[in-house]
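Student: Sequence unavailable; structure follows:
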Ligand SMILES: [Zn+2]
């Protein structure tokens with residue numbers, strides 16, 4: 001598992017702390033998978049050296065297969081693993097959950113997406129959902145199917161106010177790692193004063209801090225600036 005250790009410093013190199021980063025979750029252990037003859041379920045042997053390689057059934061049927069894609073994928077208990085197309089791909093049911101209840105869940109994203117231009121009805125409803133989420137302490141959950149996989153998506157506002165679809169890793173495929181959580185519920189006025197004094201010691205992040213100067217910049221063509229779409233939030 002990847003781990004990273006960061007030492008936090010200010011611009012005068014004074015150490016502010018040390019953090020060890022760890023992934024939010026880890027995929028659960030998976031059973032062994034094997035490829036067998038789709039006709040009789042027997043083991044197959046890969047014949048190499050003759051181009052192209054092929055597979056031959058070691059059971060009674062002795063069939064030959066030109067690709068492993070033509071073989072049957074099974075678990076060690078011979079349960080077939082079939083990647084079947086799901087019904088109603090792209091249709092998502094909108095649900096809500098209270099923030100408090102959601103805090104016990106896994107919130108590790110598989111992917112994060114933005115949204116393209118929305119029609120008026122969608123814009124109005126998304127706005128209502130985001131208002132509920134920010135003022136009524138609700139988490140907006142979209143549940144539905146992609147072509148082969150079910151998806152759980154949270155509708156969120158990112159730090160730069162973009163409406164994002166935060167595709168979650170499923171609770172039953174991943175285990176949460178022990179990482180730090182924080183509740184900022186009981187903040188004293190003294191703590192606020194202390195925080196104010198503390199951040200005054202820190203340098204301000206600038207435009208350059210959000211750019212890199214490493215090798216990746218060499219192959220980049222020219223900067224494309226795309227207009228942002230706004231869901232007016234007044
Ligand atoms: Zn066979």
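Tutor: Thanks, I have the structure now. If you're wondering where the values come from, they're calculated on a predicted model, not measured in any experiment.
Student: Break the chain into its domains for me.
Tutor: Per the record, the chain has its domains at 33-75, 85-171, by automatic domain parsing.
Student: right, so of those, which gets closest to residue 17?
Tutor: domain 85-171 (21.3 Å; Cβ to Cβ). To be clear about C-beta, it is placed using only N, CA and C from the backbone, and glycine gets the same treatment.
Student: quick one: average confidence on the closest one?
Tutor: Averaged across domain 85-171, the pLDDT comes to 94.
Student: ends of that domain, how far apart?
Tutor: In domain 85-171, first residue to last residue: 22 Å (Cα to Cα, to the nearest Å).
Student: picking that back up, out of the domains of the chain, flag the one nearest residue 217.
Tutor: Of the domains of the chain, nearest to residue 217 by Cβ to Cβ is domain 85-171, at 22.1 Å.
Student: Now the longest helix seen in the chain: buried residues?
Tutor: Among all segments of the chain classified by DSSP state H, the helix with the greatest residue count is helix 120-135. Neighbour-count burial for helix 120-135, with 16 or more other Cβ atoms under 10 Å as criterion, is recorded at 123, 126, 129, 130, 133.
Student: Just confirm the last one contacts residue 164, I think it does.
Tutor: Pointing back at residue 133 there. No: at 11.8 Å, residue 133 does not count as touching residue 164 under the criterion of Cβ atoms under 8 Å.
Student: what is in contact with the two at once?
Tutor: For the pair residue 133 and residue 164, residues contacting each of them under the criterion Cβ atoms under 8 Å, 6 or more residues apart in numbering are 155, 156, 157.
Student: hmm, which of the residues you listed are the buried ones?
Tutor: So, of these, 155, 156 end up buried under the neighbour-count rule (16+ other Cβ under 10 Å).
Student: give me every residue that touches residue 68.
Tutor: Contacts were defined as Cβ under 8 Å, 6+ apart; by that measure residue 68 touches 35, 55.
Student: let's see it at 6 Å
Tutor: Shown in contact with residue 68 (Cβ atoms under 6 Å, 6 or more residues apart in numbering): residue 35.
Student: how close does it sit to the ion?
Tutor: Spatial separation of residue 68 from the ion under the definition Cβ to the ion, to the nearest Å is 15 Å.
Student: Angles on the backbone of that residue, please.
Tutor: When quoted as degrees, to the nearest 10, the phi and psi of residue 68 stand at phi -70, psi -20.
Student: returning to that earlier point: farthest-apart pair in the buried residues of helix 120-135, please.
Tutor: Pairwise distances across the buried residues of helix 120-135 (Cβ to Cβ) peak at 15.5 Å, for the pair 123 and 133.
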